[in-house]
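Participant: The sequence isn't on hand, but the structure is:
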């Protein structure tokens, strides 16, 4: 997983509340186990609307998505996080998230920032014309207009994102301790260790 620390750039001012995972990636796109190409199906129903922000050239290449309350509600499909990542989204800023979505986002290296509604409203306005910056280490979201919003994040999730550690990476980081444990068990309880 790629480490996440500083994300700066265009932000898509989506802002809708109660966006469920079927809106993020419709069920017909779930027939794959690949993470590649899901960005094409991301927000398909929203993209069918005239003048939607996802197809607006002004937000091409955006790495931040600004959403409303309860983002990622609905089913627990991990494909929603995969679709966002394939779309180029590295962080979502919203007032609240579904617990399952925020967990899936974290496990896929997407930072889910929670800010109050007033901050979201301000960032929605700024995003129409200017970039937004997120500093995970200092837990701030800032703009060129001296806006500065602080956010909370679970310390374990922060550590993993800053260091690019997914579940496999966390396990590999403990390789020496795991090896020492396995050697000790083999010596102390040889009947548990199969003969090779």
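Facilitator: All right, it came through fine. Quick caveat, the model's predicted, so the values are computed rather than measured. Residues are numbered from 1 along each chain as shown.
Participant: can you list the domains in the protein?
Facilitator: The chain breaks down into these domains under automatic domain parsing: 6-164, 166-196.
Participant: Deepest in the core, which of those is it.
Facilitator: Of the domains of the chain, the one with the most neighbours on average (mean count of other C-beta atoms under 10 Å) is domain 6-164, at a mean of 18. Where you see a C-beta, it was placed from the backbone N, CA and C, and this is true even at glycine.
Participant: Verify the contact between residue 13 and residue 127 for me.
Facilitator: Yes - using C-beta atoms under 8 Å, residue 13 is in contact with residue 127, at 4.1 Å.
Participant: shared neighbours of the two, which are they?
Facilitator: Both residue 13 and residue 127 are in contact with residue 66, where contact means C-beta atoms under 8 Å, 6 or more residues apart in numbering.
Participant: Could you list the low-pLDDT ranges of this structure?
Facilitator: Within the chain, the ranges that satisfy pLDDT under 70 run 196.
Participant: remind me, longest helix of it?
Facilitator: Ranked by number of residues, the top helix in the chain under DSSP state H is helix 175-188.
Participant: Please enumerate the strands of the chain.
Facilitator: 6-9, 11-13, 64-66, 91-94, 111-114, 132-135, 140-143, 148-150 (DSSP state E).
Participant: now those strands in TSV, with distance to residue 28?
Facilitator: Listed next are the strands of the chain as TSV, based on distance: least, C-beta to C-beta, whole Å:
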stretch	distance to residue 28
strand 6-9	30
strand 11-13	23
strand 64-66	22
strand 91-94	23
strand 111-114	25
strand 132-135	32
strand 140-143	34
strand 148-150	37
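Participant: right, so of these, which gets closest to residue 175?
Facilitator: Closest of the strands of the chain to residue 175 is strand 111-114, at 27.0 Å (criterion: C-beta to C-beta).
Participant: What strands flank that closest one, and is each parallel or antiparallel?
Facilitator: Its sheet considered, strand 111-114 pairs with strand 91-94 (parallel) by DSSP bridges.
Participant: who touches the partner strand?
Facilitator: Residues from elsewhere that reach strand 91-94 (C-beta under 8 Å, 6+ apart): 4, 7, 11, 63-69, 71, 84, 105, 110-115, 120, 123, 132, 134, 141.
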